[in-house]
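[1] Return atomic coordinates for the entry below.
(one chain, ligands or ions: 1)
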Amino acid sequence: MLKELYLPNPELAKEARIGSMEQYWYLQNSAKNDYEGFWGAFAQKKIDWFEPFDKVLDESNAPFVKWFDGGKLNVAYQCIDRHLDTRKNKAAIIFVGDRGEEIAVTYQELYRNVNKFANLLREDFGVKKGDRVVIYMPMILEAAYAILACARIGAVHSIVFGGFSAEALKDRILDAEAKVVITADGAYRKSKPYMLKPVVDKALEEGDTPVEKVLVVERNGEDVEWVGGRDYSYNELIAGKGITCEPEVMDSEDPLFLLYTSGSTGKPKGVQHNQAGYILWAQMTMEWVFDVKENDTYWCTADIGWITGHTYIIYGPLAMGATTVMFEGVITYPDAGRPWQIVESLSVNQFYTAPTAIRVLHKMGEDEPGKYDLSSLKVLGTVGEPIDPTAWKWYYEAVGGSKCAIVDTYWQTETGGHIVSPLPGATPIKPACATLPLPGIMAEILDPETGEKVEPGEGGYMCITRPWPSQIRNVWGDEARYVKSYFGDVKKDGKPVYFTGDGAVYDENGYITITGRTDDVINVSGHRMGTAEVEAAIKKHENVAAVAVVGKPHELKGEGIFAYVVLKSDEGVGDEIEEVRAINNIIKQEIGNIALCDDMIFVPDLPKTRSGKIMRRILRTLAKGEKVTQDTSTLEDPSIVETIEVMIGREC
Ligand code: WTA
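    Model prediction:
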C-alpha cells in the first residue's frame, strides 16, 4: 500500500504552515476535543474585528446555525485595508488579458478602485446594506472591484456566470430580487469580441423586473443598445468618485453573497453565504492548502461565476494578503502551452485548475510543459470533479516535475471552502484521492441507513457531522428547501447531519476518495448541472412528450449529457438532425451552451415502473453502452429496455 503514496517534498514540509502529520493530527484532535475553542481562537487571530464576537457557535436553532455572533467586521476591509500598512505596494491582483496584456494592481490601487466603485454604487445607484446586486461580468479587473465594492457597502452580490443565457440570468435576478445589475459591453475570447450586455437587455425586457439600474463597464467597445434612465456607463460615472469610502459595519451573520447552483430537483438554489465564517475559512484554507508565502504568486484558473472563483481567486487570496492572478483568456489559446507560458513569465508558485482542463491540456499538448521553466511551481491544485489517475500522473510528473504537492481539493458551493484535501507539507498523497478532512472539518462517510461510519472499501455518503464556519446558511428565501436539501437524508445518532450529495469510500488508511454524485446532479467539465433543469428546458419544445437526462462518462469533460427524448408525433417534424438542433437551441436559450447535450436519442418510450417512476439507473447503464443487469420485471413495459439497447447499439 505504501508504495502508492508520494511523501511530501521535504523542502515544502520544512517551510509549510502545517509541516507534518503530527501537526495535522494535533490540530484535528484539538478541534475534536474543544470544537468552539479551536474555531474561536482562529477567528480571533485571523479576522480584524471591529467588535469582538460574543459566542463562537450557536446551534440552538440547528440546522440554522450562527458563527461568531455579535462580532462586527467588514470583509472588504479584511481583504484590503488591513494590508495597507505592510503591503500597500505589493501586487494584489495580476490581470492577464485574453489578448496578452498584463496589469498588476497593488493593494493601494485596489483600495482606491474598490472605494470608488463602492461610492458609485452608494451615491449614484442608492445601493444600501442588504440590497442584492447581480454581477454578470467577464473575467476583468472591474469584476473584482465590483465584488469587493458590494462587500464594502454591505450589498449582497450574486454573480451569474457569463455563459448563462438571458433566461437563466432572469431567473436568478428575479429570485434574488436584485435592484442593480453590473455588466460589461462584452469582452474578448480567443482575441475576438463577444457580448454580454445584449443578454442583460433580454433578461430585463419582459415582465416586471426588480432591476432599477444597470451599470455597464466598457471592455471591448462594441456597440450596445442603451436604455435611458436604466443604463449607466461605469467609465463615465467612476471618473469623479472619491477614493475613500467608509466600510459598512457588518454583523458576522449578515449575508455576504448568493451563488445559484444546481440541485437534483427544481430550479437552481441561491446558496447563501454570510460574512465572518466564510471569510475565515476562505483565508485559512488558502493558508493551509496552498501554503502561499509572502512573495509567492498564486493562480487559480476558475471563472468568478463559480464558487472556486469567489473563494480562491478573490476572497481567500486577498484576505491573506497574497498576489492572485486573474486570467481572462482560454487556457488552450493560442495553444496548449498558454498556461505554462504564464507560469514561467509570472513565476507562479501555486496553480489551481480543474481535471477537465488538465485532461484537455494533456491531450492537446502532452509535451508543452517541458518547453517552459516551471521550476517556480510548488503546489498544484485540482477541483470540481474526480480526477482520473492518468491525468493526475501527467499533472504530477510533466507539470510538477515530480516535486510538487498535488492537492486534490474536495468541496462544494455550499461548503464555501475546501473540506477534504491533502496539505502540501504534511499529507502523503495518493493519485486521484482527496485524502483527509481538513483540521476542524468533521467529514465522515456514513451508511445512509444506519448513520454509522462505513468500513474501508464500503461505499457510503459523504457527510459533515458538525456545523463549520463557511457552511451554507440558507437557500435564499426558502428555509424549507435548505433543510430538505441538505439535512434530510442522513441521521447520525438520531440527529440530521449535512449530506453533500456525493458518494465516497475510505481506503485502509482512512483516506477518502470521492466517487461522484448519488443524486441527479451531473458534473460536466466540472460544472454542476441538474438533470431536472436540462429536462425542463427540453420539455419546452412543443413536440416533446417526455424526456430523461442522465450523465455519461466522457473522456474530456468527465461527464457528458445524454438525453432520451420521446416525441409526441413524427408527423410534421423534420428529420432527426433538425429536431436535435431545435432542442439544443432551446437549451441554449433556457440555460446556456454549457448544458448542450452530447448525445440525444429519440425513443418510443422511457423505462418506467408501474407507478410511473423513470428508472434512471437503467438509463445510465444504457447510456454507457453496457448491458442492463438490473431487474426489469417491475417495469411497466420491460421490452422498452431491449428496444433502447438495440437503438443505442445501432447508433454506435
Ligand atoms: C464535485 C465546486 C471529486 C462533487 C468546488 C461536488 C469533486 C461538486 C471534487 C461540487 C474533487 C468537487 N473530487 N469531486 N476534488 N471537488 N467535486 O458546487 O460532486 O460547483 O459535490 O463546487 O463537485 O460542485 P460545485
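[2] drop to CA atoms for contacts and neighbour counts, all remaining ones
    Fine.
[3] what about the strands in the stretch 351-500 of the chain?
    With DSSP state E, counting those that start in this stretch, the ranges of strands along the stretch 351-500 of the chain come out as 379-383, 405-409, 443-446, 459-464, 474-475, 491-492, 495-496, 498-506.
[4] quick one, the last one and strand 459-464 angle?
    It refers to strand 498-506. Strand 498-506 runs at 140 degrees relative to strand 459-464, counting by axes from the mean of the first three to the mean of the last three Cα atoms, to 10 degrees.
[5] could you point out which element follows strand 498-506?
    Using DSSP states H and E, the next helix or strand after strand 498-506 towards the C-terminus is strand 512-517.
[6] next one: that next one to chain centre, how far?
    On the basis of Cα atoms, centre = their mean, to the nearest Å, the separation between the geometric centre of strand 512-517 and that of its chain is 17 Å.
[7] Among the strands of the stretch 351-500 of the chain, show me which one is buried the most.
    Most buried of the strands of the stretch 351-500 of the chain by mean neighbour count (mean count of other Cα atoms under 10 Å) is strand 405-409; its value is a mean of 30.
[8] Does it reach the ligand?
    Yes: for strand 405-409 and the ligand, the contact criterion (Cα under 6 Å from any ligand atom) is met by Asp408, Thr409.
[9] Check which helices and strands that strand sits against.
    strand 379-383 (3 or more Cα pairs under 8 Å, 6 or more residues apart in numbering; DSSP states H and E).
[10] other SSEs contacting the strand it packs on?
    Using 3+ Cα pairs under 8 Å, 6+ apart as the contact criterion, the neighbours of strand 379-383 among helices and strands are strand 350-353, strand 405-409.
[11] ok, and what's touching the first one?
    Translated: strand 350-353. Contacts with strand 350-353, where a contact means Cα atoms under 8 Å, 6 or more residues apart in numbering, come from 290, 292, 296-302, 377-383.
[12] of all those, which comes closest to the ligand?
    For these, the closest approach to the ligand (Cα to the nearest ligand atom) belongs to Val383, at 4.4 Å.
[13] Just list whatever residues bridge to Ile406.
    Leu380 (DSSP bridges).
[14] and the gap between the nearest residue to Gly337 once chain neighbours are set aside and the ligand?
    Nearest non-adjacent residue to Gly337, counting by Cα to Cα, 6 or more residues apart in numbering: Glu368, 5.2 Å away. When Cα to the nearest ligand atom, to the nearest Å is the yardstick, Glu368 and the ligand sit 25 Å from each other.
[15] From what I see, Glu368 and Ala336 are in contact.
    Yes: with contacts defined as Cα atoms under 8 Å, Glu368 counts as touching Ala336 at a distance of 6.8 Å.
[16] mind listing what the residue most central in space within the chain touches?
    By Cα atoms, centre = their mean, the mean C-alpha position of the chain lies nearest to Ile307, the distance being 3.2 Å. For Ile307, the set of contacting residues under the criterion of Cα under 8 Å, 6+ apart consists of Leu259, Gln412, Thr413, Gly416.
[17] make it 7 Å
    If you count contacts by Cα atoms under 7 Å, 6 or more residues apart in numbering, Ile307 has them with Thr413.
[18] Please produce CSV containing the strands of the stretch 351-500 of the chain, extended by distance to Thr209 and mean pLDDT.
    Converted to CSV, those look like this (distance: least, Cα to Cα, whole Å; pLDDT from 0 to 100):
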stretch, distance to Thr209, mean pLDDT
strand 379-383, 36, 98
strand 405-409, 39, 98
strand 443-446, 41, 98
strand 459-464, 38, 97
strand 474-475, 21, 98
strand 491-492, 41, 97
strand 495-496, 38, 96
strand 498-506, 34, 97
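[19] So which of these is nearest Ala118?
    Minimum separation from Ala118 across these (Cα to Cα) falls at strand 474-475, 26.2 Å.
[20] and the closest one, which strands flank it?
    Partners of strand 474-475 in its sheet, by DSSP bridges: strand 269-274 (antiparallel).
[21] contact partners of the next helix or strand after the strand it pairs with?
    The element immediately downstream of strand 269-274 (helix or strand, assigned by DSSP H and E) is helix 275-285. Outside helix 275-285, the residues that touch it by Cα under 7 Å, 6+ apart are 43, 46-47, 67, 75, 252-256, 311, 315-317, 319-320, 416-418, 469-470.
[22] Mind checking which of the residues you listed are in strands?
    Trp67, Pro255, Leu256 (DSSP state E).
[23] So which of the residues you listed reach the ligand?
    Filtering the ones in strands among the contacts of helix 275-285 for proximity to the ligand (criterion: Cα under 6 Å from any ligand atom) leaves nothing.
[24] Now rank those by neighbours and give me the top one.
    Trp67 (29 neighbours; other Cα atoms under 10 Å).
[25] count of neighbours near the closest residue to that one other than its chain neighbours?
    In space, and not counting its chain neighbours, Trp67 is closest to Leu57: 4.7 Å by Cα to Cα, 6+ apart. Neighbour count for Leu57, taken as other Cα under 10 Å: 18.
[26] Please state the offset of the helix or strand where Leu57 lies from the chain centre?
    Under the assignment given by DSSP H and E, the secondary-structure element containing Leu57 is strand 55-61. Between the centre of strand 55-61 and the centre of its host chain there is 27 Å, according to Cα atoms, centre = their mean.
[27] what does that strand contact?
    Counting by Cα under 7 Å, 6+ apart, the neighbours of strand 55-61 from elsewhere in the structure are Glu36, Gly40, Val65, Lys66, Trp67, Phe68, Asp69.
[28] What count of nearby residues applies to the second one?
    I take that to be Gly40. As a burial measure, the neighbour count of Gly40 was computed by other Cα under 10 Å and equals 17.
[29] Val420: what's its closest spatial neighbour, skipping adjacent residues?
    Closest residue to Val420 apart from its sequence neighbours, by Cα to Cα, 6+ apart: Pro437 at 4.1 Å.
[30] contacting residues for Asp54?
    Taking Cα under 7 Å, 6+ apart as the criterion, Asp54 is in contact with Phe68, Asp69, Gly70, Gly71.
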